[in-house]
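Peer 1: Need coordinates for the below:
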Amino acid sequence: MEIRTVRISSKRQITIPKSFKNLREGQDALLISRNDEIIIKPIKEVTEAALLSEKALAECWNCTEDEEAFAYFQK
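Peer 2: Coordinates of the predicted model:
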């Protein structure tokens, strides 16, 4: 695992270090905001079904009841 510090620009942008070789220029990535974490995951292939389901399932994914129920496992 590699951990690096980056600075957020005035435009809310970051530069991903070259040492993170699993990310390429122009590649799509999934950005997940959860509590006080931001996770960036490379996307190998985005299907139309995945794009359509993101908005439809957001209400379920962002459920505070689930967050509270699974908080125990994140410690």
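
Peer 1: and the next element down the chain from the lowest-mean-pLDDT helix or strand in the chain?
Peer 2: Using mean pLDDT, DSSP states H and E, the weakest-scoring helix or strand in the chain turns out to be helix 48-61, at a mean of 68. Downstream of helix 48-61, the next assigned helix or strand under DSSP states H and E is helix 64-70.

Peer 1: Could you list the alpha-carbon positions for that next one in CSV?
Peer 2: Below are the C-alpha coordinates for helix 64-70, written out as CSV (Å, rounded to 0.1, in the frame of the first residue of the first chain):
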residue,chain,number,x,y,z
THR,A,64,-27.5,6.6,7.4
GLU,A,65,-29.0,3.5,8.9
ASP,A,66,-26.6,1.3,7.0
GLU,A,67,-23.7,3.6,7.9
GLU,A,68,-24.5,3.2,11.6
ALA,A,69,-25.0,-0.6,11.3
PHE,A,70,-21.7,-1.2,9.6
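
Peer 1: List of residues touching it?
Peer 2: Residues from elsewhere that reach helix 64-70 (CB atoms under 8 Å, 6 or more residues apart in numbering): residue 35. No exception for glycine: its C-beta is placed from N, CA and C like everyone else's.

Peer 1: Can you give me the buried ones in that helix?
Peer 2: Neighbour counts over helix 64-70 (16 or more other CB atoms under 10 Å) mark no residue as buried.

Peer 1: ok, residue 39 touching residue 32?
Peer 2: Yes - in this structure, residue 39 is within contact of residue 32 by CB atoms under 8 Å, at 4.2 Å.
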